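Q: quick one, what's the 3D model for this:
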Amino acid sequence: MSIDHVISFESASIFQDDHLVLSDVNFQVGKNEFVYLIGKVGTGKTSLIKTINAEIPLKEGFASVAGFKLEKLRRKQIPALRRKLGIVFQDFQLLIDRSVNDNLKFVLGATGWKNKKEIDARINEVLTKVGLEYKGYKMPHQLSGGEQQRVVIARALLNDPEIILADEPTGNLDPETSEQIMQILFDIQSTGRAVVMATHNYSLFRKFPARTLKCEGGKLLEVETSNIKIED
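A: Got it, this is the predicted structure:
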């Protein structure tokens, strides 16, 4: 893998259970690149993201993610790989019985942080990046959908990842809030991180153009967003 690439797939096959969903997958993502991943439901977008984060093992072909070779990855190496990834989910997956601060403390504690001052400083830093520096005391149900998604992005940034994987991050949000979330993701990309975002929201392409990969017919194809119908 080139030092300029944080994700590289070569002649890879992507499976969901024992079902082959994508074959002969070849692509690279640069360390400060934003890439859309599109395609109809069931065409392999989520399976590819789950392969990148080692939730689905790579059975055929070659791939490197943040310096880890997926085809040789051992189970005990998976936590170290995932510390280099930040995951942004459509359905938030916040702990509803804990405040925003305590949600973030839980993640830091689980990944080895112990110093209270360092933990508090890091939480304040990531909440400031997403515009929620004064909302740490709130419970998830006290936040709007857009604010909850900002917390999820803050959570993804906690361990200073090389790659952000965003699976339909605007799927449950109104258009104005979606644009705010997109701006945050592009700001993250501008700081030298790679962002791979699966989406059905093609209307975002006009305001936030970026390289686009499409899952279609069992293949992963590079496409021009200008050729995609917004109503597709």
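Q: show me the helices in this protein, by range?
A: 45-52, 78-82, 100-110, 116-129, 145-157, 175-190, 204-207 (DSSP state H).
Q: and those: which comes nearest residue 26?
A: helix 45-52 (12.4 Å; Cβ to Cβ). Every residue, glycine included, has its C-beta placed from N, CA and C.
Q: tell me which strands and helices the closest one is in contact with?
A: Secondary-structure packing of helix 45-52 (3 or more Cβ pairs under 8 Å, 6 or more residues apart in numbering; DSSP states H and E): strand 5-16, strand 19-30, strand 34-38, strand 60-65, strand 163-167, strand 194-198.
Q: JSON lines for these, including distance to residue 97?
A: Formatted as JSON lines, those follow (distance: least, Cβ to Cβ, whole Å):
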{"stretch": "strand 5-16", "distance to residue 97": "32"}
{"stretch": "strand 19-30", "distance to residue 97": "36"}
{"stretch": "strand 34-38", "distance to residue 97": "33"}
{"stretch": "strand 60-65", "distance to residue 97": "33"}
{"stretch": "strand 163-167", "distance to residue 97": "24"}
{"stretch": "strand 194-198", "distance to residue 97": "29"}
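Q: okay if I get those as JSON lines plus distance to residue 103, mean pLDDT and mean neighbour count?
A: Below are those laid out as JSON lines (distance: least, Cβ to Cβ, whole Å; pLDDT from 0 to 100; neighbours: other Cβ atoms under 10 Å):
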{"stretch": "strand 5-16", "distance to residue 103": "26", "mean pLDDT": "95", "mean neighbour count": "20"}
{"stretch": "strand 19-30", "distance to residue 103": "28", "mean pLDDT": "96", "mean neighbour count": "17"}
{"stretch": "strand 34-38", "distance to residue 103": "26", "mean pLDDT": "95", "mean neighbour count": "23"}
{"stretch": "strand 60-65", "distance to residue 103": "26", "mean pLDDT": "96", "mean neighbour count": "20"}
{"stretch": "strand 163-167", "distance to residue 103": "18", "mean pLDDT": "94", "mean neighbour count": "23"}
{"stretch": "strand 194-198", "distance to residue 103": "22", "mean pLDDT": "96", "mean neighbour count": "23"}
